[in-house]
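In: give me a 3D structure for the following:
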Amino acid sequence: MKNLTIERETIQISAACGPKECEYVVKHVFEKLLKEAEDLGIKTKIHKEEFIKGLPFFESIILELQSPNLQAFLKKWVGTIQWISNSNVRPNHKRKNWFVGISILKNTKIIEPKDSDFQYQTLRSSGAGGQHINKVSSAVRITYTPTGLSLVSMDSRSQHQNKKIALQRMMQKLNEASFEEMQVSSINNWKLQKSLIRGNPVRIFEEQIKN
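Out: Sure, this is the predicted structure:
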């Protein structure tokens, strides 16, 4: 049986500079996209939600998708989404067409290191702790070989525990690096989406916006 290549993309659903109604639409579009993705067996992971003062609507949502044939799914969603509805926040407002944008975040890479990507080196711990901690090589330096990033853990007298702590901290740093890269891409997308293209929407929904 031929193995299928798993495709992965990170997308952003954004209200751009649209009015408050569009921020509610972001939530509704996200829910519909998520339901459709789950029905198709597409794996999803939320990376970031831009809440508006803790209320149940969003300026944007960043979502990672994984699946074979993912591009076919994205073609149905990436672009401008039109939502036809009376305003849910401004009674008697005449406008009924609201727009949000879905874009693929470029140049983002989720780091998933293998065990072989890490090198460990034992060191003598320094500082407080008495003779024992200075004589025993209990500190651990971990290096992520693809980039050369390294750090040292000497929190514990246990070499095994320091190795565990070092790996946890390294994974945190790698995740932070991925997230910072994603933020840069998100900012660039936000600048492009400040003026959404309202013509030729890829999807049109006609449903009352709910609070």
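In: I'd like to know which helix or strand in this structure has the lowest mean pLDDT.
Out: Ranked by mean pLDDT, DSSP states H and E, the helix or strand of the chain with the weakest confidence is helix 130-135, at a mean of 48.
In: tell me, how many residues neighbour the residue nearest to Thr44 when sequence neighbours are not counted?
Out: Once flanking residues are discounted, Thr44 sits nearest to Ala37: 5.4 Å by C-beta to C-beta, 6 or more residues apart in numbering. Yep, even glycine has a C-beta here, placed from its N, CA and C like the rest. Other residues near Ala37 come to 19 when the count uses other C-beta atoms under 10 Å.
In: what of Glu207?
Out: Glu207: 11 neighbours (other C-beta under 10 Å).
In: ditto for Ile204
Out: Neighbours around Ile204, by other C-beta under 10 Å: 11.
In: who's it bridged to?
Out: For Ile204, the beta-bridge partners are Gln82 (DSSP bridges).
In: in the longest strand seen in the chain, what's buried?
Out: Looking across the chain with DSSP state E, the single longest strand is strand 55-67. Within strand 55-67, the residues that count as buried by 16 or more other C-beta atoms under 10 Å are Phe57, Phe58, Glu59, Ser60, Ile61, Ile62, Leu63, Glu64, Leu65, Ser67.
In: same check, this time on stretch 151-165
Out: Neighbour counts over stretch 151-165 (16+ other C-beta under 10 Å) mark Leu151, Val152, Ser153, Met154, Ser156, Gln159, Asn162, Lys163, Ile165 as buried.
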